[in-house]
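Novice: Sequence and predicted structure are below.
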Amino acid sequence: MAGSRKRLALHWWILIAMVAGVLGGLLIVGQWGSDGAEFVATWIKPIGTIFLNLLRMIAVPLVLFSLVAGVASLNDTSKLSRIGGKTIGLYLGTTAIAITIGLLVVNIIQPGSNLSAEAKESLLSGLTEKFGDEASKRVTDMQSVDIGQQIVDIVPKNPFAALAETEMLQIVFFALLLGIGLTRLKEKGKHVTAVFSTLSDAVIEMVHLIMKIAPLGVFALLCSVVAQFGEDSKQLGELLTALLSYMGTVIAGLLLHLFLVYALLLRFVAKVPFRRFMKALAPAQLLAFSSSSSAATLPLTIDRVEQHVGVEEEVSSFVLPLGATINMDGTGLYQGVAAVFIATVCNIDLTFGDQLTIVLTASLASIGTAAVPGVGLIMLTIVLVQINVPPTAIALILGVDRPLDMLRTVLNVTGDATVATTVAATENSLDRSVLEGSSPPTPPADSAA
Ligand code: ASP
C-alpha cells in the first residue's frame, strides 16, 4: 500500500513461501515426472538442508547458554524444582490425554472397519509388497532402542561429548548443574553468569538473522517434500483412498487435542488469550510443519515463546529443550490411532486391556522418539509388539507417513510452548504485556514494525 511502511509479518512470508513450495513441487513433478523430482532433489533440496543446518547449528549453544544463564539467575533452587515438577507432570499428563483422545477418535470413526475382507486383504498384501522391505528395515533399526538405557544415559560421562553429539537431555542435565554451581558461588559467579547471558542474547540474534532466509528455506523444504511425496504416492495408486479415513482420523484427533487441551490450559490455567498465543507461535508452527522436526524448530520456538509470548528465560530455557526431546503429544496420539487402524486391517480384535496397554506404551514410545522426521513411525513398533500385532505391518501406513509427520510435529511444538507458558504463568515468570499489548507478531530484529 502506498505510503504504508508496515511490513508483512514473518508468518505471512513463511506461509506464502510454503504455498509457492507446494505449487512449485507439484508443477515440476507434474511437468517432468521423475526427472523433475531428481532436479528438485539435486538443486532445491540442498537449500532447505542448509537452512535447517543453520538452525541445528545454533540449537546446542542456545540451550547451553540460555539454560545456564536462566538457572543462575534464579537465586533460589526451590523454584527450579517446582518448575521441574510442574513441567514433567504437565508433559506426562498431556501426552496421556493425547493418546486417549486418539483412541477415542479412532474407536468412534473406526477407519478401515467397513472395508470388506477382500479389500483388507488387498490393502495388506498390496502395501506389504510395496513397502514391506522398507518396513522391515525400520523394524530392524528399532532393535537398537532401549528405553531403560535412555534413562541411564541422561547423565553424561563427558559433557563435551554430549555437546558434540547433540545429546539434548545430557546437555540439559549438565547445564542445570552448572547453573546451580554458579548460583552457589553468589557474587563470585556473577561475572560468568553475565557472560552466559550475553552469549544467549547473541545466539537469539543469530536466530533472527537466520530467519531472514526462512521463506527461501521453507520454499525449498516443501518443494522437495511434495516432489518426493508425489513420486511415492504414485506407488500407492488407489490404495491412497483407502488410507484417507485413517489420515482424517489422525487429523481430527490432533485438532481436538489442540482445541480442547491446549486451548483450555491456556485459557483457564495460564489465563492467556489462545488466539494471540497461536499467532505469536505461528512462525515456529509453520517451520515445524515444513521441517517435520521439533529439534530443528527448537531455536525458533525458544525465540517466539520468549520474545512474543513473554515467557522468561528461566522457564523457557529449561522447559522447551526438555519438551522438544521428550514431549510429543502429536506423536503419541498418532501412534494410538495407527496401532488401532493397523490391528483392524490385520483383523486383530483389541480388548479394553489392549487399549490401556496402548496408552502406556505409546506414552513411553513418544518419550523415546527422537525429534527428527519419521521416528514416531519407527517407535510405533514398540506399541504394536505389545498388542501382538506384527511390527512389519507398519508397511500399511508408511506411504502416507510424511504428511502426518508434518502435522504431528506442529502439535508437538505447540504442546511444548503451551506447557512453557502455563508453567511460567503459575510461577510469575510470564510478562503478560508482551502478548496482551502486542500487535500481531512482527519480523524479528530490525524489520520489526
Ligand atoms: N517428527 C516428529 C518431531 O520431530 C517426531 C515423529 O513423530 O516422528 O517432533
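Specialist: Ah, there it is.
Novice: contacts, neighbours, all on C-alpha from now
Specialist: Noted.
Novice: Is the longest helix seen in the chain positioned near the ligand?
Specialist: Assignment by DSSP state H gives helix 77-109 as the longest helix of the chain. No. Helix 77-109 does not reach the ligand (C-alpha under 6 Å from any ligand atom); its nearest approach is 12.7 Å.
Novice: Could you pick out the residues of the protein near the ligand for me?
Specialist: 292-294, 331, 371-376, 405, 409, 412.
Novice: quick check: mean pLDDT across the longest helix of the chain?
Specialist: Taken as a whole, helix 77-109 has an average pLDDT of 94.
Novice: same deal with stretch 245-262?
Specialist: For stretch 245-262, mean pLDDT is 97.
Novice: can you check stretch 267-281 too?
Specialist: 96.
Novice: tell me how far the ends of that stretch are from each other?
Specialist: Stretch 267-281 has an end-to-end distance of 16 Å (C-alpha to C-alpha, to the nearest Å).
Novice: tell me how far it is from the chain's mean position?
Specialist: 19 Å (C-alpha atoms, centre = their mean, to the nearest Å).
Novice: cool, and stretch 153-171?
Specialist: 21 Å.
Novice: CA atoms only for it, dumped as CSV, please.
Specialist: Provided in CSV are the C-alpha atoms of stretch 153-171 (Å, rounded to 0.1, in the frame of the first residue of the first chain):
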residue,chain,number,x,y,z
ASP,A,153,22.1,-42.0,29.5
ILE,A,154,20.6,-38.7,30.9
VAL,A,155,23.8,-38.3,32.9
PRO,A,156,26.7,-37.6,30.6
LYS,A,157,30.0,-39.2,31.2
ASN,A,158,31.6,-36.3,29.3
PRO,A,159,29.6,-33.1,28.8
PHE,A,160,31.8,-32.0,25.9
ALA,A,161,31.0,-35.2,24.1
ALA,A,162,27.3,-34.6,24.8
LEU,A,163,27.6,-31.1,23.2
ALA,A,164,29.4,-32.6,20.2
GLU,A,165,26.8,-35.3,19.7
THR,A,166,23.8,-33.0,20.4
GLU,A,167,22.6,-35.2,23.2
MET,A,168,19.9,-32.8,24.3
LEU,A,169,18.9,-34.4,27.7
GLN,A,170,22.6,-34.7,28.7
ILE,A,171,23.1,-31.1,27.8
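Novice: what sits up against that stretch?
Specialist: Val60, Val63, Leu64, Phe173, Phe174, Pro321, Leu322, Thr325 (C-alpha atoms under 8 Å, 6 or more residues apart in numbering).
Novice: swap the cut-off to 7 Å and go again
Specialist: The contact list for stretch 153-171 (C-alpha atoms under 7 Å, 6 or more residues apart in numbering) reads Val60, Leu64, Phe173, Phe174, Leu322, Thr325.
Novice: now, which of the residues you listed lie within helices?
Specialist: Val60, Leu64, Phe173, Phe174, Leu322, Thr325.
Novice: returning to that earlier point: redo the contacts of stretch 153-171 as JSON lines? Include neighbour count and pLDDT.
Specialist: Formatted as JSON lines, the contacts of stretch 153-171 follow (neighbours: other C-alpha atoms under 10 Å; pLDDT from 0 to 100):
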{"residue": "Val60", "neighbour count": "22", "pLDDT": "94"}
{"residue": "Leu64", "neighbour count": "27", "pLDDT": "95"}
{"residue": "Phe173", "neighbour count": "18", "pLDDT": "94"}
{"residue": "Phe174", "neighbour count": "23", "pLDDT": "96"}
{"residue": "Leu322", "neighbour count": "22", "pLDDT": "94"}
{"residue": "Thr325", "neighbour count": "23", "pLDDT": "90"}
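Novice: Out of those residues, flag the one nearest to Gly253.
Specialist: Comparing these against Gly253 with C-alpha to C-alpha places Thr325 closest, at 21.8 Å.
Novice: related to what we said a few turns ago, buried ones among the residues of the chain next to the ligand?
Specialist: 292-294, 331, 371-376, 405, 409, 412 (16 or more other C-alpha atoms under 10 Å).
Novice: pull the CA atoms of stretch 309-325 into PDB?
Specialist: This file holds the C-alpha atoms of stretch 309-325, laid out as PDB (Å, rounded to 0.1, in the frame of the first residue of the first chain):
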ATOM      1  CA  VAL A 309       4.600 -14.800  24.200                       C
ATOM      2  CA  GLY A 310       6.600 -13.300  27.100                       C
ATOM      3  CA  VAL A 311       7.900 -16.400  28.900                       C
ATOM      4  CA  GLU A 312      11.000 -15.600  30.900                       C
ATOM      5  CA  GLU A 313      14.300 -17.300  30.100                       C
ATOM      6  CA  GLU A 314      14.500 -19.100  33.500                       C
ATOM      7  CA  VAL A 315      11.400 -21.200  32.400                       C
ATOM      8  CA  SER A 316      11.700 -21.400  28.600                       C
ATOM      9  CA  SER A 317      15.400 -22.400  28.600                       C
ATOM     10  CA  PHE A 318      14.600 -25.500  30.700                       C
ATOM     11  CA  VAL A 319      11.000 -26.400  29.600                       C
ATOM     12  CA  LEU A 320      11.400 -26.100  25.800                       C
ATOM     13  CA  PRO A 321      14.600 -28.100  25.200                       C
ATOM     14  CA  LEU A 322      13.200 -30.800  27.500                       C
ATOM     15  CA  GLY A 323       9.900 -30.700  25.700                       C
ATOM     16  CA  ALA A 324      11.500 -31.000  22.200                       C
ATOM     17  CA  THR A 325      13.200 -34.100  23.400                       C
END
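Novice: My guess is Ser366 contacts Met328. True?
Specialist: Yes. Between Ser366 and Met328 there is a contact under C-alpha atoms under 7 Å: 5.6 Å.
Novice: residues of stretch 342-357 that come out buried?
Specialist: So, applying 16+ other C-alpha under 10 Å, buried residues of stretch 342-357: Ile342, Ala343, Thr344, Val345, Cys346, Asp354, Gln355, Thr357.
Novice: Show me which of Ser366 and Met328 is the more surrounded one.
Specialist: When neighbours are counted by other C-alpha atoms under 10 Å, Ser366 and Met328 differ, and Met328 comes out ahead with 35 against 28.
Novice: Find me whatever residue is spatially closest to that one, sequence neighbours aside.
Specialist: Nearest non-adjacent residue to Met328, counting by C-alpha to C-alpha, 6 or more residues apart in numbering: Asn412, 4.8 Å away.
Novice: Quick one: list the elements packing against the strand or helix carrying the one you found.
Specialist: If you go by DSSP states H and E, Asn412 is part of helix 401-426. Secondary-structure packing of helix 401-426 (3 or more C-alpha pairs under 7 Å, 6 or more residues apart in numbering; DSSP states H and E): helix 77-109, helix 274-291, helix 313-326, helix 329-345.
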